[in-house]
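Asker: Give me the fold of what follows.
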Amino acid sequence: MFNCSKLALARKRRQLTKKNLAERSGITAVTLTRLETGITTDPSMETLQALAGVLAYPVDFFFGENFDELTTDAASFRSLSTMSAAQRDAALGAGQIAFSLTKWINARFDLPAPDLPDLREDDSISAAASVRNHWGIGSKPIPKLLSLFEAKGIRVFTLAERNKNVDAFSCWNDGTPYIFLNTFKSSERTRFDAAHELGHLLMHRHTPSGHLNGEREADMFAAAFLIPQDDLISHMPRVHSLKHLIEKKARWGVSVAALARTAFNNKLISDWYYRDLCKQMSMLGYRTVEPEQREPEKSVVWKKILEMLWKDGITKSHIAKELCLPIDEIEALIGPLVNINVPTRTTEFKKLSVVR
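Answerer: Have a look, this model is predicted:
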């Protein structure tokens, strides 16, 4: 049966208005509205093919069960105030597609179960220490943050929108935590975004987006989680210069700006000196281009999944076909997280072994 909500989802993923889609597909705006609201329940194949052609989605996508819903209130966006409605809806749509992809993977693989303590009663600094203690990592640096998250049951995906207004977001679905990252920034800033979203998952898991002080709390959590105070003071008791900060930032895998701010918050540098460092960073362009960037982190889980699927002759194109999705949606969600050269041809389905 035709599913009007999936037509709306595809349109929002392509960031098209109803008027845009109607004009490009050669149908009237009234017809499209009737389709999306469910008034028209049996559109002609000609109409569906026209819509599918513009949206670059398979016609079969417009049929079948609803995807799990993801609302603005259920997602913690880093930059909700700067996003357009179209950007927000596209990002939420990516989340819905990720839920469907996760179900497909869960039916074939045994992924790590979520292991996130409920820290809604903790302040940011205490929460950072608590989760480090819960995970048994003490105060040492975390060289592979995404791998740690995956090992603790967080499903990590990326967003196709390479736009500074859509940084990252997180959410829970069916008891599983998700983090969506926009990897157009440096690895250091992406790591901070990921830690920021972990803070939301731990401290604000059932609080609507826009929670008072929520973004500041998540930023404070991220800094404390990535740069524990004891380790910071032990390895950088004083800040001699901007060059000194650049040399030291590699230990914690953070941006020079984040390290400077954390040092200031921990009273390792004066207010005057911090302002001077900020001026230097701005003049040198370090707000947009990170000095001595580290290599982007990759997913361990997705690499293993794709390698095991390929051994059974199954590719990303096959996954897309199973889910009635265009291949670019799969690539957008996991492509930047893997660096293996796995072919994308479609092959006959084979039963998979289970990952333990």
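Asker: can you give me the helices in the stretch 251-356 of the chain?
Answerer: Taking DSSP state H, counting those that start in this stretch, the helices of the stretch 251-356 of the chain run over residues 256-265, 271-283, 300-311, 316-322, 327-334.
Asker: Point out the most buried one among those.
Answerer: Per residue and on average, the most neighbours among the helices of the stretch 251-356 of the chain fall to helix 256-265, with a mean of 22 (mean count of other CB atoms under 10 Å). In short, each C-beta sits where N, CA and C put it, glycine included.
Asker: got a list of contacts for that helix?
Answerer: With contacts defined as CB atoms under 8 Å, 6 or more residues apart in numbering, helix 256-265 is touched by 188-189, 192, 223, 226-227, 232, 236, 239, 242, 245-246, 248-249, 252, 254, 269, 271, 274, 277-278, 281, 286-287, 290-291.
Asker: quick revisit: how about the helices of the stretch 251-356 of the chain, which one is nearest I125?
Answerer: Taking CB to CB, helix 256-265 is the member of the helices of the stretch 251-356 of the chain nearest to I125, at 9.9 Å.
Asker: just the CA coordinates of the closest one, formatted as PDB?
Answerer: The C-alpha atoms that make up helix 256-265 are tabulated as PDB, following Å, rounded to 0.1, in the frame of the first residue of the first chain:
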ATOM      1  CA  VAL A 256      43.900  24.200  20.000                       C
ATOM      2  CA  ALA A 257      40.900  26.400  20.800                       C
ATOM      3  CA  ALA A 258      39.300  23.800  23.000                       C
ATOM      4  CA  LEU A 259      42.600  23.200  24.900                       C
ATOM      5  CA  ALA A 260      43.100  26.900  25.500                       C
ATOM      6  CA  ARG A 261      39.500  27.200  26.800                       C
ATOM      7  CA  THR A 262      39.900  24.200  29.100                       C
ATOM      8  CA  ALA A 263      43.200  25.500  30.400                       C
ATOM      9  CA  PHE A 264      41.500  28.800  31.100                       C
ATOM     10  CA  ASN A 265      38.500  27.200  32.900                       C
END
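Asker: Y273 reaches S241, doesn't it?
Answerer: No: using CB atoms under 8 Å, Y273 is not in contact with S241, being 10.0 Å away.
Asker: Please pick the buried ones from the contacts of helix 256-265.
Answerer: Taking 16 or more other CB atoms under 10 Å as the criterion, what is buried in the contacts of helix 256-265 is 188-189, 192, 223, 226-227, 232, 236, 239, 242, 245-246, 248-249, 252, 254, 269, 274, 277-278, 281, 286, 290-291.
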